[in-house]
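Participant: okay, here's the prediction I keep looking at, along with the sequence it came from:
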Amino acid sequence: MSLLSKIKKARTDLQSRQQEEYERKDPTSFQAGSVFIPNKLPEGIEIWRPGISEHEFDIIPWIASSEHPYEPEDKYCWCLVLQIYREVGIMRDQFVSPYTMYREADPIAEYMAAQNLSKAEFNKRRAKKRCFYLVWVHDSPEEEQKGIQIWEVAHWFIYDQLKELSIIPKEGGHVSYMDYTKEKGRRIWLKIKSEGSFETDDGTKVDSIQYSAPKFLERKANIPDSILEQSFQLETCINLRPTYEEIYKSFYGKELTEETKGLPASRTKVEDPSLKKDDDLPSSVETYKECPSGHVMGKDLDAFPADCNNCLAFDDCSDEKDRLEANAKESTTTEQESDTETKKETKPRGRSKLRGRLGKR
């Protein structure tokens, strides 16, 4: 059959083909450079990409599945934190880091351990914490009508700020902003503004943005059941365990051959350089003891976003903050033990569930 004959024959099915095209999900939204598995996402779900403006949204909870990487099944969840390799290879793919998340063989971690990388190159390649939320956005009636959307954001942009904001001073306890009720839950407000621009390694000019400190707003009503019913187990829609071969092909731009598989180093579990102590880092990787911008290491972490964004000393500053907090906690604990001569036990937190088909909190 000639090509012309095939075209004329296929034309009879044109209406159904148009309908298929109309209903087909845009593959570029979730495939290119994404950790999502498109065919596992609910129909019509979108990625929320907040622009330079003010934003209001609710965080929508879900119930953990058996696939959740760190939470028990059936637990009430509102944020998924993953260690992600970003912009891998020429296709700028993204992968959950097997070594950082699960201590499994990982070609990128192996490469980093074997090379004497500069501080800039090391920071560029290492896995970074990313937060995944289900959100209901209230920026406009059109946004509200979209229902639940997925929000992926850098961990340090929002996670710690919400954690700190939720602490109730003096009285103790926390604001359960992720609760769906108007009595306990809170809507979140934040502002994103431009802090100039910079060029990426490939010469692309991008905006340098700053997130304001988030604020809690009182809800006027419970999150409606019509929105809660759209909730889904976010972790089931993400490629949580990419194979060694997948990452290798993307990173090196070639298939992992049988000969390569046989090499001892190709499947050896090595220590991830991002987890090494300062003394163990390669000699060519500089360790920062002072802030390049003149701020106080540890104490001023994220206090000056224009300087902290893409700062080469960010990891060392974060480590110093952890050290200061640990020392302060240890000092407080020592004083309490000295006064009471007893040690307090920490009780495990109880589980809570969504109402209806998700359970009752």
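Facilitator: Done, it's in.

Participant: list the pairing partners of the helix or strand containing residue 132 within its sheet, with orientation.
Facilitator: In this assignment (DSSP states H and E), residue 132 forms part of strand 128-137. Sheet pairing for strand 128-137, assigned by DSSP bridges, gives strand 54-60 (antiparallel), strand 80-88 (antiparallel), strand 148-154 (antiparallel).

Participant: so where is this structure shaky, pLDDT-wise?
Facilitator: Low-confidence segments of the chain, defined by pLDDT under 70: 1-33, 198-203, 258-287, 306, 309-310, 312, 325-361.

Participant: which stretches in this structure count as helices?
Facilitator: 3-10, 14-23, 27-30, 98-102, 107-114, 119-125, 141-145, 155-165, 225-228, 244-252, 258-261, 305-308, 314-340 (DSSP state H).

Participant: what residues of the fifth one count as buried?
Facilitator: Buried positions in helix 107-114, judged by neighbour count with 16 or more other Cβ atoms under 10 Å: 107, 108, 109, 110, 111, 112, 113. Quick note: C-beta positions are derived from backbone N, CA and C, even for glycine.

Participant: now it against strand 80-88, angle please.
Facilitator: Here helix 107-114 runs at an angle of 70 degrees relative to strand 80-88 (axes from the mean of the first three to the mean of the last three Cα atoms, to 10 degrees).

Participant: report all helices and strands that helix 107-114 contacts.
Facilitator: Counting contacts by 3 or more Cβ pairs under 8 Å, 6 or more residues apart in numbering; DSSP states H and E, helix 107-114 is packed against helix 98-102, helix 119-125, helix 244-252.

Participant: can you list contacts of the longest strand belonging to the chain?
Facilitator: Counting by DSSP state E, the longest strand found in the chain is strand 186-199. Residues outside strand 186-199 that contact it (Cβ atoms under 8 Å, 6 or more residues apart in numbering): 50-59, 138, 158, 162, 175, 177, 205-219, 305-306, 309-310.

Participant: partner strands of that strand, parallel or antiparallel?
Facilitator: Using DSSP bridges, the strands paired with strand 186-199 are strand 54-60 (antiparallel), strand 205-211 (antiparallel), strand 215-218 (antiparallel).

Participant: buried set for the shortest one?
Facilitator: Just to be clear, that refers to strand 215-218. Under 16+ other Cβ under 10 Å, strand 215-218 has no buried positions.

Participant: residues in contact with that strand?
Facilitator: 56, 165, 175, 177, 182, 186, 187, 188, 189, 190.

Participant: so who does the nearest residue to the fifth one once chain neighbours are set aside touch?
Facilitator: The shortest distance from residue 182 to any residue that is not its chain neighbour, by Cβ to Cβ, 6 or more residues apart in numbering, is 4.0 Å, and that residue is residue 219. By Cβ under 8 Å, 6+ apart, residue 219 lies in contact with 58, 181, 182, 185, 186, 187.

Participant: any idea how far residue 55 is from the fourth one?
Facilitator: Right, the one you point to is residue 185. Per Cβ to Cβ, to the nearest Å, residue 185 is found 17 Å from residue 55.

Participant: now the second one
Facilitator: Separation of residue 181 from residue 55 (Cβ to Cβ): 22 Å.

Participant: which of the two has more residues huddled nearby?
Facilitator: More crowded of residue 181 and residue 55, by other Cβ atoms under 10 Å: residue 55, with 20 against 13.

Participant: is the more buried one bridged to anything, and to what?
Facilitator: residue 190.

Participant: burial of the closest residue to residue 211 other than its chain neighbours, as a residue count?
Facilitator: Leaving aside its chain neighbours, residue 211 sits nearest to residue 157 (4.9 Å; criterion: Cβ to Cβ, 6+ apart). Using other Cβ under 10 Å, residue 157 has 19 neighbouring residues.
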